[in-house]
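>>> Mind looking at a prediction? Sequence and model below.
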Amino acid sequence: MSSAWEVNFDGLIGPTHNYGGLSDGNLASANNAGDISNPREAALQGLEKMRKLLRSGLKQGFLPPLLRPNLPFLQCAGFSGTVEEIITQAGKDAPALLKAAYSASSMWAANAATVSPSADTEDGRLHLTPANLSTMLHRSLEHPDTLASLRSIFDDPAHFAVHEALPEHPDFSDEGAANDVRLCAGHGDEGVELFVFGREASESTNGFPARQTRLASERIAAMHGVKTDRAVFVRQSVAAINAGAFHNDVVCVGTLDTLFTHELAFEDKEAAYQAISDAANGLFELKVVEVPQAEVPIEDAIRSYLFNSQLLSMPGEDRLVLLAPLETQETESTRTYCERLTPGNGPIGRVEYVDVRQSMRNGGGPACLRLRVVMTNEELEAVNPAFLLDESKIDKLQDWVRAHYRDALSASDFADPALASEIRNAHLALLDVINSFSN
Ligand code: SUG
C-alpha cells in the first residue's frame, strides 16, 4: 500500500453566518429562516471540531471564509457608488440580493470542489475543480473566490491541478464533493470514484431541485483523468431529494472500502452496489452498511443528519469511527440504530458525537463542513503550509473569532453599512493571522 493521508480541510465559519432561508429543498434552512444566528459560537464550534480530529492524530487544514458582502456581485446587479451607497440602496430596493451577497455559505467546504487524489488520475496529479453551485443564487457566488483560494493553497502545478468551475448553466449544475464518495483499500491506493447525480442535463424534475447533473459529474471525472473503469455514475433517488436530501451526503457517506448508506439513497440501489463492486474489481471488496427505512425512516435520517457524519479511519483503531452531530444522539431512531451498530462485527466500531448546532440549523453537519483531500507525503510537502493546522494555530484562529465576531446576527443587520466595514476589518486581521502562519 502506498502511503497517503486523508486531510480534512474545514471551512472556517465566517462572521456573517446567518439564517437567511435561502436554500429551497434544504429543510433546516427553511425551518430556521429569520432566526437570530450566533456567528461567534458557530465558528468556535467548527474550530473545536477541527481540534478534536487533530487530537485523534488526523491531519487537518482549513479554507478561509470568503469576504462578504460580495460587492462585485451587487455591482453587477446594478448598484453603484460608494460601499455605503451600494449597501444602503440594496437594503432598500433588493434585500433578497443583499442577503445573498452576505451569505457565509462557503463554510460548507464539502461543496467547495470535487477532488480526485493522484492515485486515481491519469497524470498522477491531485485534481480539484471548484463547484459552480449554480442551483442556488447565494451559493453560485462562491466559485471565483474559491478558485483563488484553492490555487493559493494547492499552488504547485507539479503536484496539483486546480481547474476552473464548469460553465454556469443548469445543464452543468455541480455541487462538488458532497455528491461524491471515494472508495479504496488504503487512502494511497487507486480507488473508485462514485459520482451521484440527481438529474440528466436536459431533464426538468418536479419537487425539490436536483442540484447535480450527470453531465457535470461526467465532465469533471474526464477533466480529472479518472480512469473510465474506476468512475461510477449513479442516480440519487427522487424520494431522497424530495424528503430533503439536497446533497447525497445527507443520506450516504463512505470511506476506504465501506459505504454507509440509507436504503432509499439511490434510485436503484442493487445496480449501484453492483456498479461499484465491478469498478472495484482487483482493488478491494466493497462493504455496504445499509440502514433500513424500517429502522430509520428517511425523515429521521435527514432531521438527525446520521449520514452527514465524518467516517474516519483513526490511527490505532482497526474499525472506522463515525463522527456524528449531536442531533443524531437526540433522535430516537438514529440513537438506537447507532447503539446497535457498533457492538456488531461490522466495519464501523465506534460513534462519537460533536456539537455543530449553529451550522446544522442551516443544513450543514460535520461532513458538510469539510473537504476531504487525500494527499501523499510529497503533496503535503508541496501544499501551502499556512492552511494546515496545529493546536496553536487553532488557538490563534479562536482568538481572532472572539475578537471580531458578533454573538447575534440577523438579515435586518445587513442594511447597516457599518457591518460591512466591521467585517472587512475582521478579514484584514485574518490575513495577518494567516501571514503569521506562513512564517
Ligand atoms: O447548500 N445551506 C447549505 C448547506 C450545505 C450543506 N452541505 C452539504 N450537504 N454538503 C446549502 O443548502 C443555507 C443558507 C441560508 O439559508 O442562509 C445554505 O446555504
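Arrived safely, thanks for sending.

>>> If you count neighbours, what's buried in stretch 192-210?
Going by neighbour count (16 or more other Cβ atoms under 10 Å), the buried part of stretch 192-210 is 192, 193, 194, 195, 196, 197, 198, 199, 208, 209, 210. In this view, the C-beta of every residue, glycine as well, is placed from N, C-alpha and C.

>>> try stretch 144-156
144, 145, 146, 147, 149, 150, 153, 154.

>>> Doesn't the first one lie inside a strand?
No. The assignment for residue 144, made by DSSP: H, G, I helix; E, B strand; the rest coil, is helix rather than a strand.

>>> List the contacts of it.
Contacts here follow Cβ atoms under 8 Å, 6 or more residues apart in numbering; on that basis residue 144 touches residue 165.

>>> next one: the fourth one
Contact partners of residue 147, counting by Cβ under 8 Å, 6+ apart, are 130, 162, 164, 165.

>>> so which strand or helix has it?
Here residue 147 sits within helix 143-153, counting by DSSP states H and E.

>>> now that helix: mean pLDDT?
What helix 143-153 shows for mean pLDDT is 98.

>>> List the strands paired with the very next helix or strand once past it, with their directions.
Per DSSP H and E, helix 143-153 leads on to strand 160-162 as the next helix or strand towards the C-terminus. Here strand 160-162 has these sheet partners by DSSP bridges: strand 126-130 (parallel).

>>> And the contacts of the strand it pairs with?
Contacts of strand 126-130 (Cβ under 8 Å, 6+ apart): 112-118, 121, 142-143, 146-147, 150, 154, 159-166, 174, 176, 220, 223-225, 373-375, 379.

>>> And the average pLDDT for it is what?
Mean predicted lDDT for strand 126-130 stands at 98.

>>> now swap in stretch 199-215 and tell me
94.

>>> One more: stretch 365-376?
The average pLDDT for stretch 365-376 rounds to 98.

>>> can you list the residues of the stretch 1-150 of the chain near the ligand?
Selection of the stretch 1-150 of the chain residues close to the ligand by Cβ under 6 Å from any ligand atom yields 18-23, 26, 29, 103, 105, 108, 110-111, 136, 139.

>>> and the residue nearest the centre of the chain, how far is that from residue 236?
Nearest to the geometric centre of the chain sits residue 110, at 1.6 Å (Cα atoms, centre = their mean). Residue 110 sits 15 Å away from residue 236, going by Cβ to Cβ, to the nearest Å.

>>> do the same with residue 166
If you measure residue 166 against residue 236 using Cβ to Cβ, the figure is 18 Å.

>>> who has more neighbours, those two?
Counted by other Cβ atoms under 10 Å, residue 166 and residue 236 do not tie: residue 236 has more neighbours, with 27 against 24.

>>> So that one versus residue 213, what's the distance?
Going from residue 236 to residue 213 by Cβ to Cβ gives 11 Å.

>>> Pull up the overlap in contacts between those two.
By Cβ under 8 Å, 6+ apart, residue 236 and residue 213 have these common neighbours: 197, 198.

>>> So the residue lying closest to residue 85 once chain neighbours are set aside, which state does it fall into?
Nearest-residue entry for residue 85: residue 79, 7.8 Å, with adjacent residues in sequence omitted and distances by Cβ to Cβ, 6 or more residues apart in numbering. Look at residue 79: counting by three-state DSSP, its state is coil.

>>> Okay, residue 79 and residue 419: tell me how far apart.
To residue 419, residue 79 is 16 Å away according to Cβ to Cβ.

>>> swap in residue 404?
Distance, residue 404 to residue 419, by Cβ to Cβ: 12 Å.

>>> And residue 347, by the same measure?
Look at residue 347 and residue 419: by Cβ to Cβ, they are 47 Å apart.

>>> Pull the number of nearby residues for the residue of the stretch 151-300 of the chain found nearest the ligand.
Nearest to the ligand, among the residues of the stretch 151-300 of the chain, is residue 178, at 3.3 Å (Cβ to the nearest ligand atom). Residues within reach of residue 178, counting by other Cβ under 10 Å, total 25.
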